[in-house]
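[1] below is the sequence, then the predicted model.
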Amino acid sequence: MTESLPKCARCPKAGPKACGLCHYIFYCSSRCKKKDAKSHRRVCKTFSELRGICKLPQISSRPATQARLAILFPEDLDTPELIWVMNDQQYCTKDTFSPLFGLEHQYPGLYGAGKDTEPSSKDLGHAVLVDHCEFVQGRYFQRNKCVDRVIADGARHDFNTAARNDWYGPIMIRSAKHYDNASWNTITKKRRQQIAGVQRLTDVDSYYLDIEIEDFHFAVNHLMAFGDGWATVPEYEFTKSTWKDTELDPVLLGVANERFSNHHLESTVAAKICCLGEQEFLGRSKYIKMQIALNHPIYQLYPIDISWMLGLPLLIRPALLKLEKGEEDWRNKQFLESKQHLNINPYQNYSGRYLNLEMNAGSAGWGLPNAQDSFDTVLVARQDQKPLLLEHLETLTMFCYDLAGRMGEFRLQENEHPEQAVIGARERFMREWVCKDGFERFLEAFKAAKVAAGFTAWENVTSPFN
């Protein structure tokens, strides 16, 4: 069977024409090659070097067969590092990176590259992992200086705050294959069975990939979009790698300059659901209207289950803290210690948590919110990019809270019934309650209660399906 042609660097088509200098970047036509000329000239040699490492596992600089190339943004340095990560059983995404960062807890984020999205309109065919640790109990991080170099200047994504970097702690950028929940559950199950380290996980070993320049586009996209906004990327160079003697060519980030130029962005209305810390210590409302760009990376995510079932697909993503002039960072250790008498978890976000109810009828956690989604402020947007009204979002969060109670009562009646009968009953329950008609009935009742309580703005609220 003949090997498929590599993809064009500018579009999703096959790219049979290779660059005559680096021989690693391909184009489908002279038109695409011309469009990419500005970026290509600046990274041609660097791309060749990186590709050479990626395609030659036997190269002496690779410390072990399970080592994968990654990019580390140290919190206390102003230049990132190209590093090797040993992908053995200790390094599973959605688990922990303690051996690398020296931390007890770590919350990685999966960032997939989709079609018709910035900074590239092509599908990478794999996922880009942005692993960061913003908060760990007992340890407090400083603002990441490397990211400062990326988003210090330029346009903003949300149009609401001054340009700033809100990324804290170390950040690592890696590449991995796409996976679905079933395949990932298989990997993690094998990991639990082999946790003693008797046998290294070949599944995980083959899951991770070497980082490549295409991946870096999306990593920078993620850092800017969720750290501040759509910024112009300055030039800077990598430090020497821990595992290599040669220094990489400078201006690797120059490849993103064209894609992240300072330009006007079409926007729409989204919303934030603030955690208790922002509400209590900064005096912010629970629901805040936000202006975001139509090419914001949140539109590359999958809708939350319950919104999809309602026919109103919503996207949800953690939103980093934005401080206005004169506001104190309440995540500061001394500040939190001074507020211990309040006996609250400032990172708690019940409303955001209940948006992510488990809706899989065959799951043991059916009807329960995901515990990992209970922290911090979240950004919510409509997948169709229409404006998201705060009234609609508040109604949906209350609908989910009410639904969780009904599902909990339903679960109490399941104990003595066969599994298949339980699954069938759950599916019938969801067809009755988790639907457009069910939500609109709830909206009318909730609207009437709000108007009766004196909230006159609710009088003109109509269905989000209109």
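    It's in. Numbering: from 1, shown residues only.
[2] can you give me the neighbour number for Glu432?
    Residues near Glu432, counting by other Cβ atoms under 10 Å, number 10. Heads up, the C-betas are built off the backbone N, CA and C, glycines and all.
[3] that one should be in a helix, yeah?
    Yes. The assignment for Glu432 by DSSP: H, G, I helix; E, B strand; the rest coil puts it in a helix.
[4] right, and it touches Ala425 too?
    No. Contact criterion Cβ atoms under 8 Å: Glu432 and Ala425 do not qualify, at 10.9 Å.
[5] next one: phi and psi at Cys275?
    phi -70, psi 170 (degrees, to the nearest 10).
[6] quick one: it from Ser363, how far?
    Between Cys275 and Ser363 the computed distance is 26 Å (Cβ to Cβ, to the nearest Å).
[7] the more surrounded of those two?
    The residue with more neighbours, out of Cys275 and Ser363, is Cys275; 27 against 12, by other Cβ under 10 Å.
[8] quick one: find the helix or strand in this protein with the lowest mean pLDDT.
    None of the helices or strands of the chain scores lower by mean pLDDT, DSSP states H and E than helix 98-101, at a mean of 35.
[9] tally up the residues packed near Asp305, please.
    By the criterion of other Cβ under 10 Å, Asp305 has 16 neighbours.
[10] that one reaches Ser363, doesn't it?
    No. In this structure Asp305 lies outside contact range of Ser363 using Cβ under 8 Å: 10.5 Å.
[11] tell me where the stretch 351-466 of the chain has helices.
    Applying DSSP state H, counting those that start in this stretch to the stretch 351-466 of the chain gives helices spanning 390-411, 419-433, 436-452.
[12] actually, the stretch 201-350 of the chain.
    Counting by DSSP H, counting those that start in this stretch, the stretch 201-350 of the chain has helices at residues 202-207, 213-227, 276-282, 305-310, 333-338, 350-354.
[13] worst mean pLDDT among these?
    If you rank the helices of the stretch 201-350 of the chain by mean pLDDT, helix 202-207 sits at the bottom with a mean of 52.
[14] quick one: pLDDT of the residue nearest to Leu393 when sequence neighbours are not counted?
    In space, and not counting its chain neighbours, Leu393 is closest to Ala271: 5.0 Å by Cβ to Cβ, 6 or more residues apart in numbering. For Ala271, the model assigns a pLDDT of 92.
[15] mind checking which of the helices of the stretch 351-466 of the chain is nearest Met359?
    helix 419-433 (6.8 Å; Cβ to Cβ).
[16] tell me what angle that closest one forms with helix 390-411.
    Here the directions of helix 419-433 and helix 390-411 differ by 150 degrees (axes from the mean of the first three to the mean of the last three Cα atoms, to 10 degrees).
[17] can I get the CA coordinates of helix 419-433 in PDB?
    Extracted in PDB, the C-alpha atoms of helix 419-433 (Å, rounded to 0.1, in the frame of the first residue of the first chain):
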ATOM      1  CA  GLU A 419     -28.500  -3.000  34.800                       C
ATOM      2  CA  GLN A 420     -30.100  -3.000  31.400                       C
ATOM      3  CA  ALA A 421     -33.500  -2.000  32.900                       C
ATOM      4  CA  VAL A 422     -31.800   0.800  34.700                       C
ATOM      5  CA  ILE A 423     -30.100   2.200  31.600                       C
ATOM      6  CA  GLY A 424     -33.400   2.000  29.600                       C
ATOM      7  CA  ALA A 425     -35.200   3.800  32.400                       C
ATOM      8  CA  ARG A 426     -32.600   6.500  32.500                       C
ATOM      9  CA  GLU A 427     -32.800   7.100  28.800                       C
ATOM     10  CA  ARG A 428     -36.600   7.500  29.000                       C
ATOM     11  CA  PHE A 429     -36.100   9.900  31.900                       C
ATOM     12  CA  MET A 430     -33.800  12.100  29.800                       C
ATOM     13  CA  ARG A 431     -36.000  12.000  26.700                       C
ATOM     14  CA  GLU A 432     -38.800  13.400  28.900                       C
ATOM     15  CA  TRP A 433     -36.800  16.000  30.900                       C
END
